[in-house]
Each structure stands twice: as structure tokens, then as C-alpha cells.
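> Whatever this is, show me its structure:
(2 chains)
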Amino acid sequence: KQEVTQIPAALSVPEGENLVLNCSFTDSAIYNLQWFRQDPGKGLTSLLLIQSSQREQTSGRLNASLDKSSGRSTLYIAASQPGDSATYLCADEDKLVFGAGTILRVKS
Amino acid sequence: DTAVSQTPKYLVTQMGNDKSIKCEQNLGHDTMYWYKQDSKKFLKIMFSYNNKELIINETVPNRFSPKSPDKAHLNLHINSLELGDSAVYFCASSQDASGNSYEQYFGPGTRLTVT
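From the prediction side, this is the model:
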């Protein structure tokens, strides 16, 4: 049974810092991994989807990588801004298993 | 135009009542989902429908019954509500569970409070 873990559970950084959010999974037979952000009281917004044939995806200041052999995915946020403050979740899209999320706070 | 919409946004009701939550997507997707997010913000899949057919039914009490009148709609009916049903319920959709795109799009959520 797939388990998805996100570390750290919470992170507070000053504005402008580059940061990395981690996502690990127990079943390396993962084909599609998706990163989301969730703002308080809101639904999930898709950030990046890494498909089985890909190792990374980029969108603006965000870069997500997937290493199936080590059971890890990372979300890199460059030059963080206060507007990036949210909860970030990763998910095994095939098995529909989500991590508990990392709460990010970017201080101005 | 809202891609995935849910109604109502908030629902407060008493134990023992029956209630429904509606979900509609205008993305032309084939697959729709219901998730429950508990107070610890943990998101768990409840049901998944592909082209109006149930394909995933996780361990959910049978008081919960999804209904898909067409592939753009997936409603969730809950009988005999209990305190533990209080949570935020999210609807989502994706292109095709067996096709090329698994990218999920979420609705804004329905906050259910059972008193």
C-alpha cells in the first residue's frame, strides 16, 4: 500500500530565499506524481504533474523532480515571495494517495 | 468560468439528517472523484467514477452514496449523518483515469459541519 510522506511539515523562510519541499513514497511503482498548493479555506490548485516518462517539470519559479528509484520527489521554489505562502501537497496520481502537506510561510 | 464547482460551499446540519453535495465539471473530463479532508488536513479518496461508472470505492461507510447522472456531474449523498462526518469534501476531475492525463482539477470544497 502506497504511503506518501512530506517533510518538513511546516517551513518558514524570509522572502527571496530558494527552498526545497520533499515528498517521499514507499511504493516506487509510481507513474504520475502531482504537486498542488492549497490556500486556507480553498481547494487544491495543480502546480506540476510529472508523468512516468519524465524526471522533472518546470513552471515559472517552480521545478519538480521525480526519482522513482529513491522514492522521492522534490519541489524547488526559487526566489520565494509572500504570495507563495500556502500548503503544498504531493500525490501519487495513480493510487490517489496524498501526502499530509508542507505548510509554507514566506515572511516579507 | 469555474472548471469544477461544488454546492453548497458550507453545510451545517444535525446528526441523523440526510444531505447531498453536488459537483459539476465543465472541462469535458471523463473521471470524477470525491475526497474527504479531515481536521488534520489529510486528504483521502472516497470514490472515483469514470464515464458514470464507479471504479474506486474506498473503505467508506455505506451511508455515503455517490451518484453520477452524466459524466459532468458527480453528487454525494450522505444518510444518517454522524459527528465524525464533519470535514471538508472535495470533488475533482481528470481527463481519463486510463488514458494519458491524470492531472486532477479540484473544486473549492464543501465544509460539512454536523452538530
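> Does the lowest-mean-pLDDT helix or strand in chain B reach chain A?
Taking mean pLDDT, DSSP states H and E as the measure, chain B has strand B:53-57 as its least confident helix or strand, at a mean of 80. Yes - Strand B:53-57 reaches chain A (C-beta under 8 Å from any C-beta of the partner chain) through residue B:56. Bear in mind the C-beta positions are built from the backbone N, C-alpha and C, glycine included.
> If we go by neighbour counts, what in that strand is buried?
Within strand B:53-57, the residues that count as buried by 16 or more other C-beta atoms under 10 Å in any protein chain shown are residue B:56.
> Can you name every helix or strand that it contacts?
Secondary-structure packing of strand B:53-57 (3 or more C-beta pairs under 8 Å, 6 or more residues apart in numbering or on different chains; DSSP states H and E): strand B:43-50.
> okay, the angle between the strand it packs on and strand B:53-57?
On the basis of axes from the mean of the first three to the mean of the last three C-alpha atoms, to 10 degrees, strand B:43-50 is oriented at 160 degrees to strand B:53-57.
> quick one: strand B:43-50 to chain centroid distance?
Centre-to-centre, strand B:43-50 and its host chain are 7 Å apart (C-alpha atoms, centre = their mean, to the nearest Å).
> other SSEs contacting that strand?
Counting by 3+ C-beta pairs under 8 Å, 6+ apart, strand B:43-50 packs on strand A:97-98, strand B:31-37, strand B:53-57, strand B:64-70, strand B:73-78.
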